[in-house]
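> Sequence first, then the predicted structure, then my questions.
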Amino acid sequence: MHPSDGTLRRALDEPIATDAASRDHVATCARCAGRIQRMSADAGAVQAMLVSRDPVVDVAAARARLARTEAATPDGVSAPRSARPVRSPNSRASRVMAGFAVASVASVLLVATGGAQDFLSLFQPSQVATVPVTAADVRSLAGLASYGTVTGGSSITFEPEADAAAAAAAAGLGAPAVADLPAGTPATPRYAVVSGGVVTFTFDAALARTAAARAGGVLPPMPAGLDGSTLSVSIAPAVVVSYGVDPTALLHGGSVPTGEAFAVIATRTPTVTSTGLTARQLEDYLLSVPGIPPGVASEIRAIGDPAQTIPVPIPVDLASGSPVTIGGSRGLLIGDSTGVGSAVVWQHNGVVYAIAGTLTSTQVLAVADSTH
Amino acid sequence: MRPTSFDRLFDEEYTRVAAIARRVLGDPNAPEDVAQEVFLDLHRRFGDNPGAKAPAWARTAAAHTALNMIRSNRRRAGREERYATEPRLIDDPLVAVEAAETTRAVREALARIPRRQATLLALRYSGLSYAEMASALGIGVNAVGTRLRRAEARLRKEVGDASV
């Protein structure tokens, strides 16, 4: 039986919430594939209409402003009449799922396994900036893979390891250890290693024209040297240390954990090599091809020089990111103060660390500070 | 992690409330006016210990208040000047004009579609999960996807029809 529109729509944003029967059906049903495509197109269009940078607010100044207003007008101030009390939204399930949405995005930074990741790993900039994205956007970006051929991604594997020593031996990198765990977190971690590899994307003009036509558009003129140019991302093995969740089970459709859960990931900084074009040329061209959500493209363009700053996709659910310092190194904090989910990414001595899970931003920073 | 005091609720939710208003208004300046209005009303209704329901109330109120602002055309003259004109995004005057027109068309479409649909879109695209949207709107989580699908198709049609 075909899943309902509601089930398919949610699967675009929260795939982990989709039941296995629906996933299996959709994987083989052309009709449902068409439905998803139409939904994704509508969602992408609406996202482009509504996307905007969050306002920069000074909360302390805002609180002072409110206090002044209240002091001046104790009664009778115009106020919203239409809103009504509602139940608490912050269910455990939503926190866990949102947390793993963050975790999955953090993983994108570290493990290139698909087209979107190739796109987002193009350069080795020294700064990061956030771009709010929906799952539909990520699908659109992943469509870039059809503009050429990708090799090497399938060789990347995820293997559980018995303990920290085994993980370190397999990865060639010490497993990070967390000294101070948040209250309520199971004390015993699980270990796993994501194998490294070299993923190479080769731009193919003929494939690109076909893909563009399928997306309902025409390719803009290609800069000289684009056809046949290659981009290779060399990824080192990554150690994954997880608390309160079994990532292997989760990857195979297992149940969502019910407690606090987070993962610490460490890998040596990926290296990128390319032929031909400059970072700016590549970015300009890729952002102009059919199928790229306009809102995402304008956000990425607004960030500036792609050789200096990499656009980090974060779920629109958590559309905020802020620079932080971890052990003297610059990093990026993604998340909010509600405990829905937070992540922090930083580099130190040539190693990229990421921590993500169902933690508040305060907790995730405390975990990062006690990680060594 | 639920707020237990108004001050803590303010610190934790003010930015989110302003962000929801930002999505609805498309205006980088007015969201804080909405956020102030929401928290003023919230404080009056719930007092100094607003409890667990207050964050969801504030988020829904942000969407409703911002939609009210569009529909009543309050601040219209000023807002139209500012629509989508963040200078770091747009250097070309012609592009800036087109962007402002698009932004205005989207806001007008948001004001035309059913209020529940516009609210749902504001909540979704400013960050709520499906479970959070279900709680905020008082509906089952399974209904959220169905309604979101309809709302997205409706808004896209409204904007498309308006631009033809």
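Perfect, I can see it now. Numbers count the residues shown, from 1 in each chain, chains lettered A, B, ... in the order given.
> What ranges does chain B have for its helices?
Taking DSSP state H as the criterion, chain B carries its helices at B:6-25, B:31-46, B:54-71, B:76-82, B:93-112, B:115-124, B:130-137, B:141-163.
> Export those as a markdown table, with columns for mean pLDDT and mean neighbour count.
Quick note: C-beta positions are derived from backbone N, CA and C, even for glycine. Shown next, in a markdown table, are the helices of chain B (pLDDT from 0 to 100; neighbours: other Cβ atoms under 10 Å in any protein chain shown):
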| stretch | mean pLDDT | mean neighbour count |
| --- | --- | --- |
| helix B:6-25 | 89 | 24 |
| helix B:31-46 | 90 | 22 |
| helix B:54-71 | 88 | 26 |
| helix B:76-82 | 44 | 13 |
| helix B:93-112 | 75 | 17 |
| helix B:115-124 | 92 | 23 |
| helix B:130-137 | 84 | 24 |
| helix B:141-163 | 88 | 19 |
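> So for the helix or strand harbouring residue A:344, mean pLDDT?
Using DSSP states H and E, residue A:344 maps to strand A:342-348. Strand A:342-348 carries an average pLDDT of 80.
> helices and strands around it, which ones?
Of the remaining helices and strands, those touching strand A:342-348 by 3 or more Cβ pairs under 8 Å, 6 or more residues apart in numbering or on different chains; DSSP states H and E are helix A:92-110, strand A:321-326, strand A:329-335, strand A:351-357, helix A:361-369.
> Tabulate the helices of chain B in TSV, adding columns for distance to residue A:248.
Shown next, in TSV, are these (distance: least, Cβ to Cβ, whole Å):
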stretch	distance to residue A:248
helix B:6-25	34
helix B:31-46	43
helix B:54-71	34
helix B:76-82	51
helix B:93-112	43
helix B:115-124	31
helix B:130-137	25
helix B:141-163	27
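> which stretch among those comes nearest residue A:243?
In terms of Cβ to Cβ, the element of the helices of chain B nearest to residue A:243 is helix B:130-137, at 22.6 Å.
> by how many degrees do the closest one and helix B:54-71 diverge?
Helix B:130-137 and helix B:54-71 are oriented at 70 degrees to each other (axes from the mean of the first three to the mean of the last three Cα atoms, to 10 degrees).
> who's in contact with the closest residue to residue A:217 other than its chain neighbours?
Nearest in space to residue A:217, with sequence neighbours left out and distances taken as Cβ to Cβ, 6 or more residues apart in numbering or on different chains, is residue A:290 at 2.6 Å. Counting by Cβ atoms under 8 Å, 6 or more residues apart in numbering or on different chains, residue A:290 makes contact with A:212, A:215, A:216, A:217, A:218, A:219.
> Run through the residues that contact residue 63.
I went with chain A, as the question did not name one. Residue A:63 is in contact with B:7, B:10, B:11, B:14, counting by Cβ under 8 Å, 6+ apart.
> hmm, I had chain B in mind actually
The contact partners of residue B:63, taken as Cβ under 8 Å, 6+ apart, are B:20, B:21, B:24, B:118, B:119, B:122, B:123.
> do that again at 7 Å, thanks
Residue B:63 makes contacts with B:20, B:24, B:119, B:122, B:123, as judged by Cβ atoms under 7 Å, 6 or more residues apart in numbering or on different chains.
> just checking, the fourth one touches residue B:24?
Yes: with contact defined as Cβ atoms under 7 Å, residue B:122 reaches residue B:24; the gap is 4.8 Å.
> what is in contact with these two at once?
The contact sets of residue B:122 and residue B:24 overlap at B:63, B:66 (Cβ under 7 Å, 6+ apart).
> Now residue A:191, what are its backbone angles?
Main-chain torsions, residue A:191, degrees, to the nearest 10: phi -120, psi 150.
> Now do the contacts for it.
Contact analysis of residue A:191 by Cβ under 7 Å, 6+ apart lists A:161, A:163, A:164, A:166, A:167, A:175, A:241.
> Would you check that the first one makes contact with residue A:167?
Yes: the pair residue A:161 and residue A:167 qualifies as a contact (Cβ under 7 Å) at a distance of 4.0 Å.
> ok, and residue A:241, which helix or strand is that part of?
Residue A:241 is part of strand A:238-243 when elements are defined by DSSP H and E.
> which strands and helices sit next to the longest helix anywhere in chain A?
Selection of the longest helix in chain A by residue count, based on DSSP H, yields helix A:30-50. Packed against helix A:30-50 by the contact rule (3 or more Cβ pairs under 7 Å, 6 or more residues apart in numbering or on different chains; DSSP states H and E) you find helix A:5-13, helix A:20-28, helix A:135-142, helix A:294-303, helix B:141-163.
> Show me what the mean pLDDT comes to for stretch A:22-40.
Mean per-residue pLDDT for stretch A:22-40: 85.
> list the buried ones in that stretch?
Buried residues in stretch A:22-40, defined by neighbour count with 16 or more other Cβ atoms under 10 Å in any protein chain shown: A:22, A:26, A:32, A:35, A:36, A:39, A:40.
> Would you check that the first one makes contact with residue A:9?
No: look at residue A:22 against residue A:9 with Cβ under 7 Å: they stay out of range, at 11.8 Å.
> Excluding sequence neighbours, find me the nearest residue to residue B:124.
Closest residue to residue B:124 apart from its sequence neighbours, by Cβ to Cβ, 6+ apart: residue B:148 at 5.9 Å.
> wait, what's in contact with that neighbour?
By Cβ under 7 Å, 6+ apart, the neighbours of residue B:148 are A:9, B:120, B:124.
> how far away is the residue nearest to residue A:244 when sequence neighbours are not counted from chain B?
The shortest distance from residue A:244 to any residue other than its chain neighbours is 3.6 Å, reached at residue A:261 (Cβ to Cβ, 6+ apart). In this structure, residue A:261 and chain B are 15 Å apart, going by Cβ to the nearest Cβ, to the nearest Å.
> go on, residue A:345?
Using Cβ to the nearest Cβ, residue A:345 is found at 19 Å from chain B.
> Counting neighbours, what do you get for that residue?
Neighbour count for residue A:345, taken as other Cβ atoms under 10 Å in any protein chain shown: 24.
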